[in-house]
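Asks: Task: produce atomic coordinates for the following.
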Amino acid sequence: MNDKISSAAFKCRGLFWTLFAIGFLIYPGSFSAARYCAGFVLVVAGQLLRFWAAGYIPQYRTEVIGAPELITSGPYSYIRNPLYAGNFIMGFGWALMAGFGWLTAFCAAFFLLYCVVIIPAEEKFLEGKFGAKYSAYKEKTSALIPLSFPKTAEQDRKFDFKAAWACERYSIRTHVIVTVLLTARLLFSR
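Replies: Just a heads-up that it's a prediction; the model follows:
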């Protein structure tokens, strides 16, 4: 993938969520209590995964790809991209709440943006910066879906609640607002 495209996609990745939130709110599907409940559980699970991941890494809200150190503990011992996995789980939950039509659109867009553009660009950066250490980590740890469960983490990094809160409070607030607005839109469009 072209570095300019990857850089632009990384810089504007928040716009992806804004566009889907607007779409969910303008064109919600029909309300289904079962779909709504399942989607709500996924939204909460995705946010919890993001919060857990944020407690292990230094400040991650940047406009350029970077990493001051390679983190391999906590959720990073199970998957290389727990923040993106959390994003996917939340987005899937919102799409499920909004209706089955949104599931296909969301999954396709997420796959193209994250799996084809952003993650490969980040991995190229990490391989360049951390070399064999990252390559070994990449070989034994899947990108988004845990395929194995390590007995111990290679790193002794501990979860930092204050760091997680500092990084995620904006996301949590935004996710609560989107969930409330989507709920209201679904309930009042019946």
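Asks: pull the longest helix from this protein.
Replies: In the chain, assigned by DSSP state H, the helix with the most residues is helix 161-188.
Asks: buried stuff in the lowest-mean-pLDDT helix or strand in the chain?
Replies: Lowest by mean pLDDT, DSSP states H and E among the helices and strands of the chain is helix 3-11, with a mean of 81. Buried residues in helix 3-11, counted by 16 or more other C-beta atoms under 10 Å: 6-7, 9-10. Just so you know, the C-beta spots here come from the backbone N, C-alpha and C atoms, and that holds for glycine as well.
Asks: any idea which helix or strand comes after that helix?
Replies: helix 13-26 (DSSP states H and E).
Asks: which secondary structure elements does that following helix contact?
Replies: Helices and strands touching helix 13-26, by 3 or more C-beta pairs under 8 Å, 6 or more residues apart in numbering; DSSP states H and E, are helix 82-98, helix 100-110, helix 161-188.
Asks: pLDDT weak spots in the protein?
Replies: The chain contains residues with pLDDT under 70 at 1, 59, 61, 151-156, 190.
Asks: Would you format the buried residues of helix 3-11 as TSV with distance to residue 40 included?
Replies: Shown next, in TSV, are the buried residues of helix 3-11 (distance: C-beta to C-beta, whole Å):
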residue	distance to residue 40
6	33
7	35
9	29
10	29
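Asks: Now the terminal residues of stretch 145-159, how far apart.
Replies: One end of stretch 145-159 to the other measures 21 Å (C-alpha to C-alpha, to the nearest Å).
Asks: Contacts made by stretch 162-179 with the rest, please.
Replies: Here stretch 162-179 makes contact (C-beta atoms under 8 Å, 6 or more residues apart in numbering) with 21, 24, 40, 43, 47, 50-52, 54-55, 57-61, 90, 94.
Asks: Stretch 56-66 too?
Replies: With C-beta under 8 Å, 6+ apart as the test, stretch 56-66 has contacts from 6-7, 10-11, 54, 68-69, 71, 73-76, 83, 121-122, 125, 157, 159-160, 163, 167, 170.
Asks: Just the buried subset of the residues you listed, written out for ChimeraX, thanks.
Replies: Buried residues within those, by 16+ other C-beta under 10 Å, are selected in ChimeraX with:
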select :6,7,10,54,71,73,74,75,76,83,121,122,125,157,160,163,167
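Asks: Quick check: which of the helices and strands packed on helix 13-26 is buried the most?
Replies: Of the helices and strands packed on helix 13-26, the one with the most neighbours on average (mean count of other C-beta atoms under 10 Å) is helix 82-98, at a mean of 24.
Asks: got the angle between it and helix 13-26?
Replies: 10 degrees (axes from the mean of the first three to the mean of the last three C-alpha atoms, to 10 degrees).
Asks: counting contacts, what elements does helix 82-98 pack onto?
Replies: Judged by 3+ C-beta pairs under 8 Å, 6+ apart, helix 82-98 is in contact with helix 13-26, helix 33-54, helix 100-110, helix 161-188.
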